[in-house]
Structure formats: structure tokens, C-alpha cells
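A.B. asks: Requesting a structural model of the entry that follows:
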Amino acid sequence: LIDSSGKPVEEYDSIQTGQKYRLLSQARVQFASQDGERAYEAAGPGYLFVDSEGKVLLNGSIITPKPLESLLKGLTANVSSGQDLAGLPFRGILVVPDHEKRSLVYCVTGRADADNEKALAQLQESALENAKGQALSMAMKHIESNRLVKDGILKYRFLGADSDSAVSILERKDLGLENNRYRIWIKAEIPYVLSPEGEKPAKKKEMSSKAPLTVRVWTARKRYRQGDTVSVFLMGNRDFHARIMNIDSSGNITQLLPNDHRKISLFKGGHVYKIPDNDDHFTIKVRGPYGKEKVLVYASNVPLGQLVTQSIGQGLRRFSGTRYQLGFQTRALYITPQQVDSNGGGEFYEATWELETKGR
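C.D. replies: You can find the predicted model right below:
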């Protein structure tokens, strides 16, 4: 697409009303309204125009909306060396989660020199502080080594001013004294966000393969009625391990993927995954009780922690714990030297997509 000033429009940019866009010969474009209610396809050559009432015209003729799901089905993104993701469906790339969390997880051993004047509690406190300080320093080094952060395209901040407030402890083991030094091992989590308060997040840049791990989960619409069929879509900017869960209006937590028929837990970056798909033996149809529902994705660059679930039929599995327990157990990442980069640690990303169901 080329706008009226002759400037190229990137695949994931928005289309403004009242402006003409030139569609080149042999080009094909797919786009949708941001609420997911209307989706379109157009092929060049010609001029694309959206009027003030939301009607879409190609060469003066109105384009009829198509089901969004058909536009997304089977699409993949092409990743070219040194470029952002291309060929992404409009709805898939511009989708903004209702909630998201980012963090880094490190396994660190803290040490404190022993002497006759320090009590055991003081040694433990010093070793723990040393471990948390190491974890925060490693997290800072990891994020600042990211190309988009280094170039100032993406910014970040930790959710705390120092190691005490910025570092959460997922696991802890007191290793005792060795060579007159007290040691404590911790698995530490350091949450962060990619944009400071008051700044608009650069959502389209987050889906670059050079950005920190980002995974989008979405449905075609935000509102569904009794009997409607729901499809969930998933896409990451890089290869990732993931678990996709649904929390219904009654609080029941169901694991959608992996399931007993499709055991996939490692996903390719830039590929749009659909739930349910051909390998699944279930459909998602809206029925009571109605209300607010959530689709969650937990993702990491290393395998996720084990989760105890029970079969509820059709290949689906139910988690009987709380949402806090779900997140905590999933964050028990399997971090080994072979699975991490030179800075150590694992990236963790969590996103929530909310939708509403109603009766007829």
C-alpha cells in the first residue's frame, strides 16, 4: 500500500478514513476493523478508500466484508533477515491484550562471607541480598542487549526501584556454609514493562523478531452469543513454549493447548495457530452460564513448569487450582545452561484476552 503522499504503508499499520491508498498491481491486502466485526480483502491495481461512515471502496466500488476467520486460516508470516515480520494479518498484529506481564527468570547463588561477629540470620540476609542483586543486574544486562532497546525503539522499566522491590523469589534453597561463605540459591523473577508510564507502547514493534518475546492471543470478536462458535488464534514474534488456558465466567480453568489430541507445546514464531484446529476433537460453542471469559497464554523461550490437570473429555483438561497457583506453577521454568543465552535466564510472557458471552 502507498498513501496519498507516496509513502509506503507497512503491513501492520492502520488505515485512516478519508484518505486514498494506492494498491499496486498483483498486490493483495487483508485488513479488518479494530473491533473484529468486519474484515476485508482487496487486490490491486487500484485505489483503496474508507469513507467517514466506515464503508470500504476499491476503485469507487464498495467492498463486502468477509468472515475474519477465513482471512486468518492457514496464514503464516514471512520472516526476512534484518526485517520486521511481514505478511501478518491485520487483526493478528494490531491486537492489544487486555492485560500482559513480562519478566525474566534467573537461577542465582548468593554468597556472604562468614565471620565471628555475624549471626546466622545476618549471613542469610546478606547472601539473599547478594543473589537478588545478581539477578537484577543480569536482567538489566539482558534487556539492554536487545537490539530494539539498544537503538531506543523500545524502552523498558522494572517494577521496582531496587533489588528488594524489583525481584520476586519463586524458589529458595539454603545451601549452608562452604569455605567460610554462606550460600543461598534462588530462582528469581524480575517483572518489567516495555514502555515507561505516560508513553504509548510501541505495539507493532513488539512483534518484530528482534524484540523481547511477545505472544498475541485473540478471538475474532469480543462479544459472542449463545450458540456462536469461538476460535482462538495465537502468534508469537519468535519460537516459544506455551500453554493456552480458558477461564470461564464461573472461574473454571480449562487447558485448551496442549491437549490430549494435539500435544504441541513448542510453537514457531510468525505462524498463526488456531484453536480448535483440524487435529483437535472439540469445538468451542457459547452456552451458559454467560458473562466475562478470559483466554490466557503463558509463554517462554524455555519449557514451562509442569501442571497437574484432569481430563474432562474431548481431549481437554481442567486445572483445579487457583489462577495464582496456575501462574506460579507455570513459572517454574526448566532453566539449564543449554537453554539460555550468554546472559542466563529465561524470558516469560503472559497475556490475557477478555471476551463476553450472552444469551440470545
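
A.B. asks: Tell me the pLDDT of Ile335.
C.D. replies: Ile335 carries a pLDDT value of 60.

A.B. asks: wait, Arg91
C.D. replies: Reported pLDDT for Arg91: 37.

A.B. asks: all strands for the stretch 201-350 of the chain, in order.
C.D. replies: 215-219, 223-225, 232-236, 240-247, 253-257, 266-267, 273-275, 291-300, 310-313, 316-319, 346-358 (DSSP state E, counting those that start in this stretch).

A.B. asks: from what I can see Arg323 touches Ile253, true?
C.D. replies: Yes. In this structure, Arg323 is within contact of Ile253 by CB atoms under 8 Å, at 7.0 Å. All C-beta atoms are positioned from the backbone trio N, CA, C, and that covers glycine.

A.B. asks: What distance do you get for the nearest residue to Thr17 once chain neighbours are set aside to Arg22?
C.D. replies: Closest residue in space to Thr17, ignoring its immediate chain neighbours: Val50 at 4.8 Å, by CB to CB, 6 or more residues apart in numbering. Here the criterion is CB to CB, to the nearest Å. By it, Val50 lies 14 Å from Arg22.

A.B. asks: between the two, who's got more neighbours?
C.D. replies: Val50 (20 against 17; other CB atoms under 10 Å).

A.B. asks: In contact with that one, which residues?
C.D. replies: Neighbour list for Val50: 15-19, 56-57 [criterion: CB atoms under 8 Å, 6 or more residues apart in numbering].

A.B. asks: Would you point out the most distant pair within those?
C.D. replies: Gln16 and Leu57 (14.1 Å; CB to CB).

A.B. asks: So for the two, which sits in the more crowded spot?
C.D. replies: Leu57 (16 against 11).

A.B. asks: can you pull out the helices in the stretch 1-150 of the chain?
C.D. replies: 68-72, 90-94, 120-144, 147-150 (DSSP state H, counting those that start in this stretch).

A.B. asks: Can you check what pLDDT the model gives the residue lying closest to His261 once chain neighbours are set aside?
C.D. replies: Ranked by CB to CB, 6+ apart and with sequence neighbours excluded, the top spatial neighbour of His261 is Gly315, at 4.1 Å. With respect to pLDDT, Gly315 scores 92.

A.B. asks: quick one, strands of the stretch 1-150 of the chain?
C.D. replies: Under DSSP E, counting those that start in this stretch, the stretch 1-150 of the chain gives strands at 2-3, 20-23, 28-32, 39-43, 46-50, 56-58, 61-62, 99-113.

A.B. asks: before we move on, the earlier item: quick one: common contacting residues for Arg323 and Ile253?
C.D. replies: Ile247.

A.B. asks: of these two, who's got more company?
C.D. replies: Set side by side, Arg323 and Ile253 show more neighbours around Ile253, with 21 against 14, by other CB under 10 Å.

A.B. asks: The more buried one contacts Arg317, doesn't it?
C.D. replies: No. Here Ile253 does not reach Arg317: they are 9.7 Å apart, not a contact under CB under 8 Å.

A.B. asks: what's the distance between the nearest residue to Leu257 once chain neighbours are set aside and Ile284?
C.D. replies: In space, and not counting its chain neighbours, Leu257 is closest to Ile244: 4.4 Å by CB to CB, 6+ apart. Distance of Ile244 to Ile284, given as CB to CB: 12 Å.

A.B. asks: okay, now the nearest residue to Gly305 once chain neighbours are set aside: neighbour count?
C.D. replies: Leaving aside its chain neighbours, Gly305 sits nearest to Ala332 (2.9 Å; criterion: CB to CB, 6+ apart). When neighbours are defined as other CB under 10 Å, Ala332 has 16 of them.

A.B. asks: give me every residue that touches Ala332.
C.D. replies: Applying CB under 8 Å, 6+ apart, we find Ala332 in contact with 170-171, 187, 304-306.

A.B. asks: So what sits opposite the residue nearest to Thr17 in the bridge?
C.D. replies: Val56 (DSSP bridges).

A.B. asks: Could you turn the buried ones of the contacts of Ala332 into a ChimeraX selection?
C.D. replies: The ChimeraX command for the buried members of the contacts of Ala332 (criterion: 16 or more other CB atoms under 10 Å) is given here:
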select :170,187,304
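
A.B. asks: Nearest to Gly236 among the contacts of Ala332?
C.D. replies: Of all the contacts of Ala332, Gly236 sits closest to Leu304, with 13.7 Å by CB to CB.

A.B. asks: what about that closest one, distance to Gln134?
C.D. replies: Leu304 is 24 Å from Gln134, by CB to CB.

A.B. asks: was I right about Trp185 contacting Leu175?
C.D. replies: Yes. Using CB under 8 Å, Trp185 is in contact with Leu175, at 5.8 Å.

A.B. asks: Common neighbours of the two, please.
C.D. replies: Shared contacts of Trp185 and Leu175 (CB under 8 Å, 6+ apart): Thr109.

A.B. asks: Nearest residue to the middle of the chain?
C.D. replies: Centroid check for the chain by CA atoms, centre = their mean gives Val215 as the closest residue, at 2.7 Å.

A.B. asks: OK, contacts around Val232?
C.D. replies: 217-219, 244, 246, 256, 274-275, 284, 295, 353.

A.B. asks: Chain neighbours aside, what residue packs nearest to it?
C.D. replies: Closest to Val232 by CB to CB, 6+ apart is Ile275, at 4.2 Å.

A.B. asks: what sits against the one you found?
C.D. replies: 231-234, 244, 256-257, 284.

A.B. asks: Thanks a lot, catch you later.
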